[in-house]
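Participant: Just to be clear, the model below is a prediction. Sequence and coordinates:
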Amino acid sequence: MPYNQTRLDAVLSAITWPRDIELVTQYFSEYKENRVPVLDLIYHNPHRFFCVMGRERFESENTRGFWVIPWDIRDYSDSPDHPWTEDNVLSLYMGREMSKYFSMQGEAYWTGRKVYDVGCGTCIFGIELTRLGAEVIARTSGAESLMVSACNLIEHNFDLDLDFGLKCAENIETDSDTYIFHDIFYEYGLAQMNADTMRYLAGLGKEVIFTAPFHTRDAVAGVVPRAGEGWYKMMALEEGEYEVALSTEYHGDPEGWGPREVLRML
Ligand SMILES: C[S@@+](CC[C@H](N)C(=O)[O-])C[C@H]1O[C@@H](n2cnc3c(N)ncnc32)[C@H](O)[C@@H]1O
């Protein structure tokens, strides 16, 4: 018997596409605790559900057959004079280098490992890591991001611990082994807070890995395109606070972009 049939019925009666009815029914067909926030979310935001379900899906570059809903690249394709290309932005949104880091470490590393994705966005890392054997907690403070995450979980029939929450040093749960901060350094105050949280977790001996949307080391140093225009104004982590865990080039990046990097706090 699915949890909270009334809510589920209300969600299902609002959906018109047969494929989505099937996916949602399948996802909620058995009670699992972690699905509660997902059902609550869709129940309260049915219009957002449609907006997300209409989006194009893309295949991960590292995991064949893994199709997900990324951030909407149209957000960027309309703006003139920006340094990005569509291919480049999509690849950033798909977390190309982060997911490469996951496969580089290998299944033995992730199996049984507790991983916490801070600002999980689309939850695609959570799904990839669960597939590799990790036990994942995913938190995000953005309503849209939570909805994209929920839809990705439904698509993949995944039950991981997803919920709303703005996490900082004062309230983050500290029983995970690895903490991921991907593309969450884009507003000055938030970036500072996240940097402090990263320092705090590293001080507890946690593995803390992160990337920024641009050439990561420039971003952490505050030298990024359009910095100073109120747009991607970063905090600075000091050299010596982190090391390079992975460095890779991407052919779709504009000239002069530099390597994509996953950094690890020391
Ligand atoms: C640009 S998105 C990137 C998300 C995801 N990591 C990705 O790469 O697709 C940033 C999201 O992280 C959330 N976020 C940033 N800092 C956070 C924090 N400390 N705790 C929870 N959510 C956070 C924001 O609300 C937003 O939805």
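Facilitator: Now that the structure is in, tell me what you want to look at.

Participant: Quick one: name the residues of the stretch 1-150 of the chain near the ligand.
Facilitator: Within the stretch 1-150 of the chain, the residues that sit near the ligand (Cβ under 6 Å from any ligand atom) are 71, 95, 118, 119, 120, 121, 122, 139, 140, 141, 142, 145. For glycine as for every other residue, the C-beta is placed from the backbone atoms N, C-alpha and C.

Participant: From the residues you listed, which one has the minimum pLDDT?
Facilitator: Across the set of these, residue 71 stands lowest in pLDDT, at 84.

Participant: For residue 90, grab the count of nearby residues.
Facilitator: If you count neighbours by other Cβ atoms under 10 Å, residue 90 ends up with 20.

Participant: So among the residues of the stretch 1-150 of the chain next to the ligand, which ones count as buried?
Facilitator: 71, 95, 118, 119, 120, 121, 122, 139, 140, 145 (16 or more other Cβ atoms under 10 Å).

Participant: So the nearest residue to the fifth one once chain neighbours are set aside, which state does it fall into?
Facilitator: In space, and not counting its chain neighbours, residue 120 is closest to residue 138: 3.7 Å by Cβ to Cβ, 6 or more residues apart in numbering. Assigned state for residue 138: strand (three-state reduction, DSSP: H, G, I helix; E, B strand; the rest coil).

Participant: I'd assumed residue 160 was in contact with residue 138.
Facilitator: Yes - applying Cβ atoms under 8 Å as the test, residue 138 and residue 160 come out as touching, 6.3 Å apart.

Participant: any common contacting residues for those two?
Facilitator: 123, 126 (Cβ atoms under 8 Å, 6 or more residues apart in numbering).

Participant: ok, these two, which is more surrounded?
Facilitator: Shown here are residue 138 and residue 160; by other Cβ under 10 Å, residue 138 has more neighbours (30 against 24).

Participant: Please name the residues that touch the more buried one.
Facilitator: Residue 138 is in contact with 116, 117, 120, 123, 126, 149, 160, 161, 162, 163, counting by Cβ under 8 Å, 6+ apart.

Participant: sorry, back to before: could you work out the most separated pair of the residues of the stretch 1-150 of the chain next to the ligand?
Facilitator: Maximum pairwise distance in those, criterion Cβ to Cβ, is 18.2 Å, between 95 and 141.

Participant: Downstream of the longest helix along the chain, the next helix or strand is which one?
Facilitator: Identified as the longest helix of the chain according to DSSP state H is helix 188-203. Downstream of helix 188-203, the first helix or strand assigned by DSSP states H and E is strand 207-211.

Participant: residues in contact with that following strand?
Facilitator: For strand 207-211, the surrounding residues in contact (Cβ under 8 Å, 6+ apart) are 95, 97-98, 101, 177-183, 198, 201-202, 216, 242, 245, 260-265.

Participant: Mind doing that once more with 6 Å?
Facilitator: 98, 178-182, 198, 201-202, 245, 262-265 (Cβ atoms under 6 Å, 6 or more residues apart in numbering).

Participant: What of stretch 171-189?
Facilitator: By Cβ under 6 Å, 6+ apart, the residues outside stretch 171-189 that reach it are 95, 98, 113-119, 125, 191, 194, 201, 204, 206-213, 232-234.
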